[in-house]
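Trainee: I need the structure of the sequence given here:
(4 chains)
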Number of protein chains: 4
Amino acid sequence: MIVVMEPGATEAQIEQVIARLHAFGFDVHRSSGVNQTVLGAIGVQPDFDVRQIKVLDGVAEVYRVTTPYKFVSRAWRREKSVFEVAGVRIGGPEVVVIAGPCSVESEEQIFRTAAFVAEQGATFLRGGAFKPRTSPYAFQGLGEAGLRLMRQACDAYGLGMITEVLDVSQVELVGRYTDIFQVGARNMQNFPLLRELGRTEKPVFLKRGLAATIEEWLMAAEYIMASGNPRIILCERGIRTFETATRNTLDLSAIPTVQKLSHLPVFADPSHGTGLRDRVIPMARAAVAAGADGLIIEVHPNPEEARSDGPQSLYFEQFAELMHQVRLIAQAIGRTVAERSPSSVRM
Amino acid sequence: MIVVMEPGATEAQIEQVIARLHAFGFDVHRSSGVNQTVLGAIGVQPDFDVRQIKVLDGVAEVYRVTTPYKFVSRAWRREKSVFEVAGVRIGGPEVVVIAGPCSVESEEQIFRTAAFVAEQGATFLRGGAFKPRTSPYAFQGLGEAGLRLMRQACDAYGLGMITEVLDVSQVELVGRYTDIFQVGARNMQNFPLLRELGRTEKPVFLKRGLAATIEEWLMAAEYIMASGNPRIILCERGIRTFETATRNTLDLSAIPTVQKLSHLPVFADPSHGTGLRDRVIPMARAAVAAGADGLIIEVHPNPEEARSDGPQSLYFEQFAELMHQVRLIAQAIGRTVAERSPSSVRM
Amino acid sequence: MIVVMEPGATEAQIEQVIARLHAFGFDVHRSSGVNQTVLGAIGVQPDFDVRQIKVLDGVAEVYRVTTPYKFVSRAWRREKSVFEVAGVRIGGPEVVVIAGPCSVESEEQIFRTAAFVAEQGATFLRGGAFKPRTSPYAFQGLGEAGLRLMRQACDAYGLGMITEVLDVSQVELVGRYTDIFQVGARNMQNFPLLRELGRTEKPVFLKRGLAATIEEWLMAAEYIMASGNPRIILCERGIRTFETATRNTLDLSAIPTVQKLSHLPVFADPSHGTGLRDRVIPMARAAVAAGADGLIIEVHPNPEEARSDGPQSLYFEQFAELMHQVRLIAQAIGRTVAERSPSSVRM
Amino acid sequence: MIVVMEPGATEAQIEQVIARLHAFGFDVHRSSGVNQTVLGAIGVQPDFDVRQIKVLDGVAEVYRVTTPYKFVSRAWRREKSVFEVAGVRIGGPEVVVIAGPCSVESEEQIFRTAAFVAEQGATFLRGGAFKPRTSPYAFQGLGEAGLRLMRQACDAYGLGMITEVLDVSQVELVGRYTDIFQVGARNMQNFPLLRELGRTEKPVFLKRGLAATIEEWLMAAEYIMASGNPRIILCERGIRTFETATRNTLDLSAIPTVQKLSHLPVFADPSHGTGLRDRVIPMARAAVAAGADGLIIEVHPNPEEARSDGPQSLYFEQFAELMHQVRLIAQAIGRTVAERSPSSVRM
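Mentor: Residues are numbered from 1 along each chain as shown, chains lettered A, B, ... in the order given. Next up is the predicted model:
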């Protein structure tokens, strides 16, 4: 930590700051220039609140010089994290495509979707059984019946399964069915949930919160990893800005930024990121071009009838077109679209 | 709902939109001008997703004409909600002051604070036993021991108690001790938690999420109220903006805005709203001047030693000064600072 | 314009609103439902301030149903605007690349850069002679000497020229040298400048303001077009959000959004959009994948010595790599990178 | 400037950074800890772009330890700037009230308004003769005729005059009439205009840009002061955030923040800050309670007929009520509302 004293700071103020730093357990280096004194404090704990020093008299500014996260950082692990789930490699050179409806609505709906997206080359099926809805009057999901239908559809078509878990109390139940736990944007800082998922064996797909900085997002991943689970997939899904032409602003520059700071794979969700069907294809292409390790896309056999998020769900033919375009873009940057290893397909 | 067709929309497109509206159960009014056709759709459900219509061919724009919330609206209840908790009237002409440390740390700390803030005229004691912390390595609170200490301190000094609940699994435990449940900004859209609190008998203090619009905040309150609990206090605590000079941007205009849209009382939290001790007093004064029904303030007997949020906690003498100033501002706009009714003081 | 009355609005209030609408020159359609009355007002002027009606008693909400812009809209012109500047077609299927330093610094610097970017396939040279700098103590540009050097370098290497104009008083001077006038983000709503540029014969490259909505950006273009100049290129260059990991947040979803609303070509500026050299290549690829009609890129022969924006300027070899990747991405979506027509090369 | 090297930085990388710092003219202090090396660079120019160092290999982070502004800082001038304009003291303990219409529309309108606001205790008249309008089709002001009417009204009722200047070319003309030049939010970074106003003798009222950080706002003031004009009034008028319930979000915490960083007086504009008449009074009270040195308020004899911003203009009786409430709030914090010194009234 670096403490910059104000130009007019008195010797007494400087000494008081040094005393406080010692009291917090830091070693202190002092450099006094003509105008200003700067103190280097060595030994900082990752959770030290720098405002503790910032409020002292005579202090102009305080800078933390270490990242507050550790296990998720590139400094901890230089090479990218690569792991296999349901026979699919994640974090490797292949771009992984997850597709499916916003909510599981019926057996017919989820089976038709699974069949189609598997045929087009998706390797995971998405679908919500417990839905976090802004309105208490909106459809809240089929619950366990939805989980069961998804599992059956995944098994039938050789897809991995990913679904959202909303609360600590659902972890055990959802874990009986899914391959990957999804944590939604609204729960990115639900710390009891993050800790609980850190104690499970299954990978966690952690969406960025609407107002979360990249650092806070990585700290949320740190919660999971510090609790014992290293298999985390980050997912950019749009941040809240002043612009209202799209539902959110998909921050694609987060993709190269995260890849520089962390070894974790990072996906993009252009469906929630834009909220409008006709923006999904260009933004999916852009995400892959920016280097995303995967995509998660909403597809529905009949978007007009969808019980949630129909307007951002692709029609089947649009999804086929998207897969075609994504393959070309992946190729242009020397990647491919992931396929499931034949041995792992359970049938 | 109003559907505005594009200037060049064809008759077939217009008819298709009308057919879809009928299929969703709306009555439709058609007005065709020289350039444009506008459709009025009557009978909308509060949770109808207008994007369902927005994505149809030939549609330029869709406007919802009813608010998505009902019970929390002024249309549902014209007069302000006023209720008594722990002998203190909330939502009336009196400004209610809640004060206390960020976290309960020890018996001595919480008793000293309770004694002091009660003497100065606060009527509720705040303090966290379960802390949501950005870092997994930071102090996470004393848990039930903290709840017990707070209850004792409140009883000793005739204060009401308010403390945060992080998860559905804690509701029963926290409810055994507290008078008011606090829902933190990060949990504003933790829907299972909101529903659970809607089934309790105790008031809920609902902080605005960092990136929540006022409408989303009212929808969160609607979850609680639709589940059966009408006693809700809203609390503005700063939103996330591009400005980094303060921790958050305290949006005081939310106070008159909420008071226009809803009958619920609305408080302000200048401690989290600014994150810096020397901004707390001016912003507390400003909140009362803007019409806030109450304040929640962090106070600590020794802010330098606080285990969380010390830099935004007031010293005792600052809190005394704040109470003095708040009384003058309240008076200037024809209000007073709330006092506890003598009969209700349990000693 | 649609006026939605409050559920409890009185007949007198409704009649007063209708009277006001008539006074403003609107025809009024009234639809009264069981709960609510909705008024359709026909004949609105594009600049009508809807708040005029919103503040009347009994009014719940007012919606403008027409866009406030006209000439720049797709409704005005269905096909995309395509025009040729300095022998290069803009707005067509080819992706146009503009490259060069942030500021013109010396003859050697600008000639070396022009030679290199021309060789790699850029068709326009960028470079600032008048620089808008946040600090009054920073390098403010070479002025007319810089314009002269740029013109010479463009002529020598067969490139078109684009440079920024800061103020009405510079339009005549800059216009003597440049092929395209650039309006920077800070000047997007400098209305006297927009009007003045609307009276010139040369195309205008209009960057989006840091806090400008897409609608405000299109309104700024409308100023230029309403003053007589239809040749406008829009350029997304990042918006200001809470995220500080990148200098700005490049809003790539603005590209398909603008293309839906307007016929004008839209470019992207990943250099200012990210502010960091190593994010420029992935975001340039992403912009092309999202459908951008062109790119503007900062390149410098020696970025460490650049007098402005060195840290976001590419090294020559990085620019060569970027052109290679951009060609592949353009190809993947069925486009090419624009080349200058041989006949137009002046040598 | 502090340069923090990455934990794994090599000796060669460290030496290269030191060499670059020397080349830029810095003295360098090196502190090497067990894990990390930190370099202190002394002698930084205020405009040094820290990204120049940030992009070097092995560098983790770079912190500027001095503010980029000088003359406007509290370090440069400890006591508050106080100056008299048109017989009114600005920056002193008195709260100064500026009032008037958005635009000058007619002799009758401006004289009636001047008479009324003067009678209620305002000391300056506001009013636009050149209006920056989002739409090219909206009313753009009366031009010089408007300036003349305002001057006459000010002289008739003993008020100081403040009006907006949009462009360098208008400075001489506007300066012939006004007492204070207003720079609007959209022009906060119109650097040619700031420099030109820095060369005049009259005070400048500098509104904060919609997306401007407090630091950028102070840098804009620095442009004026570095060009020779020390009489600057800052004005908070709302920033752009995701919230759309109000036109902008009035950032009142900017008031105590600016007062800590700078000696310049700071006002608030609750009319533009909220955009809605019924929010103006509570937010004006809040601004004074937060410590604002003055207010600027839109008032119109007939807001429904106003040619611009009618919906945020107060009725006369509302302005009288606001003055009454502002006096009470000022008193509560030990201030008064400014009055014009009798000697200075020209009649």
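Trainee: quick one: residues contacting residue A:219.
Mentor: Counting by C-beta atoms under 8 Å, 6 or more residues apart in numbering or on different chains, residue A:219 makes contact with A:68-69, B:134-136. All C-beta atoms are positioned from the backbone trio N, CA, C, and that covers glycine.
Trainee: if we use 6 Å, what do you get?
Mentor: Residue A:219 is in contact with A:69, B:134-135, counting by C-beta atoms under 6 Å, 6 or more residues apart in numbering or on different chains.
Trainee: what is the nearest of those to chain C?
Mentor: Nearest to chain C among those, counting by C-beta to the nearest C-beta, is residue A:69 at 13.5 Å.
Trainee: helices of chain A, start to end?
Mentor: With DSSP state H applied, chain A shows helices at A:11-23, A:51-54, A:107-120, A:144-157, A:171-175, A:191-198, A:214-226, A:254-261, A:270-274, A:277-289, A:316-332, listed in chain order.
Trainee: what's the most buried one of these?
Mentor: Mean neighbour count (mean count of other C-beta atoms under 10 Å in any protein chain shown) peaks for helix A:270-274 among these, with a mean of 28.
Trainee: close to chain C, is it?
Mentor: Yes. Counting by C-beta under 6 Å from any C-beta of the partner chain, chain C is contacted by helix A:270-274 at residue A:274.
Trainee: most surrounded residue in the contacts of residue A:219?
Mentor: Top of the contacts of residue A:219 by neighbour number is residue A:69, holding 26 neighbours under the definition other C-beta atoms under 10 Å in any protein chain shown.
Trainee: hmm, residue A:218 and it touching each other?
Mentor: Yes. Contact status for residue A:69 versus residue A:218: in contact at 4.9 Å, counting by C-beta atoms under 6 Å.
Trainee: can you name the residue of the stretch 151-300 of chain A nearest chain B?
Mentor: Closest point on the stretch 151-300 of chain A to chain B, by C-beta to the nearest C-beta, is residue A:211, at 3.2 Å.
Trainee: model confidence score at that residue, please.
Mentor: Predicted confidence (pLDDT) for residue A:211: 93.
Trainee: how deep is it tucked in, by neighbour count?
Mentor: Using other C-beta under 10 Å, residue A:211 has 26 neighbouring residues.
Trainee: now it, what are its backbone angles?
Mentor: Phi and psi for residue A:211, reported as degrees, to the nearest 10, are phi -120, psi 20.
Trainee: spit out the contact partners of it.
Mentor: Residue A:211 touches A:240, B:210-211, B:240, counting by C-beta under 6 Å, 6+ apart.
Trainee: can you lay out these as JSON lines showing distance to residue D:182?
Mentor: What follows is the contacts of residue A:211, written out as JSON lines (distance: C-beta to C-beta, whole Å):
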{"residue": "A:240", "distance to residue D:182": "32"}
{"residue": "B:210", "distance to residue D:182": "34"}
{"residue": "B:211", "distance to residue D:182": "33"}
{"residue": "B:240", "distance to residue D:182": "30"}
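Trainee: which of the residues you listed sits closest to chain C?
Mentor: Minimum distance to chain C across the contacts of residue A:211 is 4.7 Å, recorded for residue B:240 (C-beta to the nearest C-beta).
Trainee: am I right that the closest one is in contact with residue B:210?
Mentor: Yes. Under the criterion of C-beta under 6 Å, residue B:240 makes contact with residue B:210 at 4.5 Å.
Trainee: quick one: the residue of the stretch 51-200 of chain A found nearest chain B from residue B:304, how far?
Mentor: Closest approach between the stretch 51-200 of chain A and chain B, counting by C-beta to the nearest C-beta: residue A:51, at 3.2 Å. Residue A:51 sits 11 Å away from residue B:304 when distances are taken as C-beta to C-beta, to the nearest Å.
Trainee: okay, now the domains of chain A?
Mentor: Split into domains by automatic domain parsing, chain A comes to A:2-63, A:83-344.
Trainee: nearest residue to residue A:107 in space, please, no chain neighbours.
Mentor: In space, residue A:107 comes closest to residue A:149 once its chain neighbours are excluded; the distance is 5.4 Å by C-beta to C-beta, 6 or more residues apart in numbering or on different chains.
Trainee: still on that earlier bit, residue D:19 is nearest to which of the helices of chain A?
Mentor: Of all the helices of chain A, helix A:254-261 sits nearest to residue D:19, with 24.7 Å by C-beta to C-beta.
Trainee: nearest residue to residue A:239 other than its sequence neighbours?
Mentor: residue A:251 (5.2 Å).
Trainee: low-confidence ranges, chain A, go.
Mentor: Scanning chain A with the threshold set as pLDDT under 70 gives A:33-35, A:43-47, A:65-66, A:341-347.
Trainee: who in it is up against chain D?
Mentor: Contacts of chain A with chain D, taken as C-beta under 6 Å from any C-beta, map to A:2, A:4, A:7, A:29, A:31, A:33, A:38, A:40, A:42, A:63, A:65, A:75, A:240, A:242.
Trainee: quick one, what contacts the first one?
Mentor: By that I understand residue A:2. By C-beta under 6 Å, 6+ apart, the contact list for residue A:2 reads A:40, A:63, D:2.
Trainee: which residues touch stretch A:64-78?
Mentor: By C-beta under 6 Å, 6+ apart, the residues outside stretch A:64-78 that reach it are A:1, A:46, A:50, A:218-219, A:221-222, A:225, A:262-264, B:135, D:4, D:7.
Trainee: how long is that stretch from one end to the other?
Mentor: Here the two ends of stretch A:64-78 are set 22 Å apart, with distance taken as C-alpha to C-alpha, to the nearest Å.
Trainee: got the buried residues for that stretch?
Mentor: A:64-69, A:71-75 (16 or more other C-beta atoms under 10 Å in any protein chain shown).
Trainee: ok, back up a step: wait, what's in contact with the residue of the stretch 51-200 of chain A closest to chain B?
Mentor: Here residue A:51 is in contact with residue B:311 (C-beta under 6 Å, 6+ apart).
Trainee: what's the distance between it and residue B:183?
Mentor: Going from residue A:51 to residue B:183 by C-beta to C-beta gives 25 Å.
Trainee: then stretch A:164-182 to PDB, C-alphas only?
Mentor: Extracted as PDB, the C-alpha positions of stretch A:164-182 are listed here (Å, rounded to 0.1, in the frame of the first residue of the first chain):
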ATOM      1  CA  GLU A 164     -29.700 -21.500 -12.400                       C
ATOM      2  CA  VAL A 165     -29.700 -21.900  -8.700                       C
ATOM      3  CA  LEU A 166     -31.300 -19.000  -6.700                       C
ATOM      4  CA  ASP A 167     -30.700 -19.800  -3.100                       C
ATOM      5  CA  VAL A 168     -28.600 -21.900  -0.700                       C
ATOM      6  CA  SER A 169     -31.600 -24.000   0.000                       C
ATOM      7  CA  GLN A 170     -31.800 -25.100  -3.700                       C
ATOM      8  CA  VAL A 171     -28.200 -26.200  -4.100                       C
ATOM      9  CA  GLU A 172     -28.600 -29.800  -3.100                       C
ATOM     10  CA  LEU A 173     -31.700 -30.300  -5.300                       C
ATOM     11  CA  VAL A 174     -30.400 -28.600  -8.400                       C
ATOM     12  CA  GLY A 175     -27.000 -30.400  -8.000                       C
ATOM     13  CA  ARG A 176     -28.800 -33.700  -8.300                       C
ATOM     14  CA  TYR A 177     -29.700 -32.800 -11.900                       C
ATOM     15  CA  THR A 178     -27.300 -30.300 -13.400                       C
ATOM     16  CA  ASP A 179     -23.700 -30.500 -14.700                       C
ATOM     17  CA  ILE A 180     -23.000 -26.800 -14.200                       C
ATOM     18  CA  PHE A 181     -24.600 -24.400 -11.600                       C
ATOM     19  CA  GLN A 182     -25.500 -21.000 -13.000                       C
END
